[in-house]
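[1] below are the sequence and a predicted model for it; my questions follow.
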Amino acid sequence: MFNAIHHVAIICNDYPTSKTFYTQVMGFNVVAENYRAERDSYKCDLALADGTQIELFSFPGAPARPSRPEAQGLRHLAFKVTDIDAAIAHLNSHQVECEPVRVDPYTQSRFTFFNDPDGLPLELYEV
């Protein structure tokens with residue numbers, strides 16, 4: 001019945017900064033970009049090569065997302081990587097700081113967290 005996740009929607013504070021982050025740092029391609037005058041907002045569909053999509057929205061005056069301590073709701077978005085060290089080096093080259101790498105006690109996979117420009121927690125998970 002359910003085959004895969006089609007997209008994740010993100011509301012950002014600074015649309016140009018977030019669009020640059022997800023395209024130039026994270027490697028997403030713009031599928032479609034629309035300015036919605038009636039909402040004074042952008043909707044940008046971004047995709048990775050495997051079809052994974054993010055809908056990036058800008059809404060004037062949107063409240064900040066509660067993050068820490070842990071708030072109910074979506075906790076973070078995780079990206080599968082085959083070489084976590086290379087992915088961290090890539091992020092660092094774009095001045096994106098990652099937390100120290102940890103090991104999942106159940107899978108023995110290595111992972112780390114970092115934030116997008118709005119502080120949304122993102123994860124790299126090595127498989």
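    Sure, I can see it. In this text, all values refer to a predicted model and were calculated from it rather than measured experimentally.
[2] residues near S109, how many?
    By other C-beta atoms under 10 Å, 13 other residues sit near S109. (Glycine included, C-beta is placed from N, CA and C.)
[3] same question but for K19, I mixed them up
    20.
[4] I'd like the distance between it and F28.
    According to C-beta to C-beta, to the nearest Å, K19 and F28 sit 9 Å apart.
[5] check A87 too.
    14 Å.
[6] which of those two has more neighbours?
    For A87 versus F28, the count of surrounding residues by other C-beta under 10 Å is larger for F28: 21 against 18.
[7] angles on the backbone of the residue lying closest to V25 once chain neighbours are set aside, please.
    Distances taken as C-beta to C-beta, 6 or more residues apart in numbering put H94 closest to V25, at 4.6 Å, once the chain neighbours are dropped. The phi/psi pair for H94 (degrees, to the nearest 10) reads phi -110, psi 20.
[8] just Y22 next, same as before
    Dihedral angles (degrees, to the nearest 10) for Y22: phi -70, psi -30.
[9] surely it is in contact with T52?
    No. Look at Y22 against T52 with C-beta atoms under 8 Å: they stay out of range, at 11.5 Å.
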